[in-house]
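**Student:** missing the sequence, but the structure's below:
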Ligand SMILES: Nc1ncnc2c1ncn2[C@@H]1O[C@H](COP(=O)(O)OP(=O)(O)OP(=O)(O)O)[C@@H](O)[C@H]1O
């Protein structure tokens, strides 16, 4: 399969309300083709809503999202989304799950096998999802997204339910595939360390607005014990945890951990 290219996104004064609840306010964000952007922020700040708007699963209350210059009005055909749960169909094989969105295309099997190879699971093509581990299910979910060769990959806390080791393996896999395929990637995560490991930029949303947009100018693959990495991590955490008492709590926790 040929490598994919990315899309450019331009978000202008985007607002989203659900009734009286103003979830996103005056969001302005530019994302270049092939860029990897992480969106962090406290629970309920509007991260998933932003992703759903970009996917075309929700309609904006006002403002606009342009993709390669064109306003996104309905389901975004260039985007694929990966969630925290794999959402596999239990009555379909791994291969059929990966090809589920491509069944009208003659070469769906070939594409699905290609995608399974990308995630290292081609040998499990004929298994049922029920016999896979949590990490393998998420690999299948990633393969299903990749099979369509999306120009935009939307990752909605996809590694949130995995154990620490599997999570790190998946982070490395996502980075490797993104570097090969060159699609644009948007990752919603609670994990600041994960955001700095993967992203070119970390965007912090607070109460529906962008509070910080921080470039991560570190070489890849990133070294989590590098002092520049730790400095950036502390900077983002300090903004996420705004309150001094919480910051102190983190410092205390760190000093206890280092003892
Ligand atoms: N379809 C909906 N109808 C009504 N309210 C909604 C809807 N979708 C989201 N909300 C509300 O919008 C707010 C933001 O939700 P969203 O899921 O975007 O937050 P989040 O930052 O992704 O949170 P989390 O990190 O906990 O997943 C929440 O208060 C949520 O209850």
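**Tutor:** Thanks, I have it. All values derive from a computational prediction rather than experimental measurement. Numbering: from 1, shown residues only.
**Student:** Helices along the protein, start to end?
**Tutor:** 47-55, 94-98, 108-118, 134-147, 164-181, 192-198, 227-240, 244-258 (DSSP state H).
**Student:** Including distance to residue 9, mean neighbour count and mean pLDDT, could those helices go into TSV?
**Tutor:** C-beta: built from backbone N, CA, C; applies to glycine. Listed next are the helices of the chain as TSV, based on distance: least, Cβ to Cβ, whole Å; neighbours: other Cβ atoms under 10 Å; pLDDT from 0 to 100:
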stretch	distance to residue 9	mean neighbour count	mean pLDDT
helix 47-55	7	22	97
helix 94-98	26	25	97
helix 108-118	24	20	95
helix 134-147	17	23	96
helix 164-181	16	16	95
helix 192-198	17	23	97
helix 227-240	22	16	95
helix 244-258	32	10	58
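**Student:** Go through those and name the closest to the ligand.
**Tutor:** helix 47-55 (3.3 Å; Cβ to the nearest ligand atom).
**Student:** That closest one vs the ligand: in contact?
**Tutor:** Yes - using Cβ under 6 Å from any ligand atom, we find that helix 47-55 touches the ligand at 47, 48, 49.
**Student:** related to what we said a few turns ago, please name whichever of the helices of the chain is nearest to residue 70.
**Tutor:** Among those, helix 47-55 comes nearest to residue 70, with 13.0 Å by Cβ to Cβ.
**Student:** quick one: contacts of that closest one?
**Tutor:** Helix 47-55 is contacted from outside by 9, 11, 14, 16, 23-24, 27, 39-41, 58-60, 65, 72, 75-76, 79, 81, 152, 154, 156-157, 186, 188, 205, using Cβ atoms under 8 Å, 6 or more residues apart in numbering.
**Student:** Help me confirm that residue 148 comes into contact with residue 99.
**Tutor:** No - shown here, residue 148 and residue 99 do not form a contact pair, counting by Cβ atoms under 8 Å, at 9.8 Å.
**Student:** Looking at those two, which is more packed in?
**Tutor:** Comparing residue 148 with residue 99 by other Cβ atoms under 10 Å, the one with more neighbours is residue 99, at 26 against 20.
**Student:** how far away is the more buried one from residue 14?
**Tutor:** Computed as Cβ to Cβ, to the nearest Å, the residue 99 to residue 14 distance reads 34 Å.
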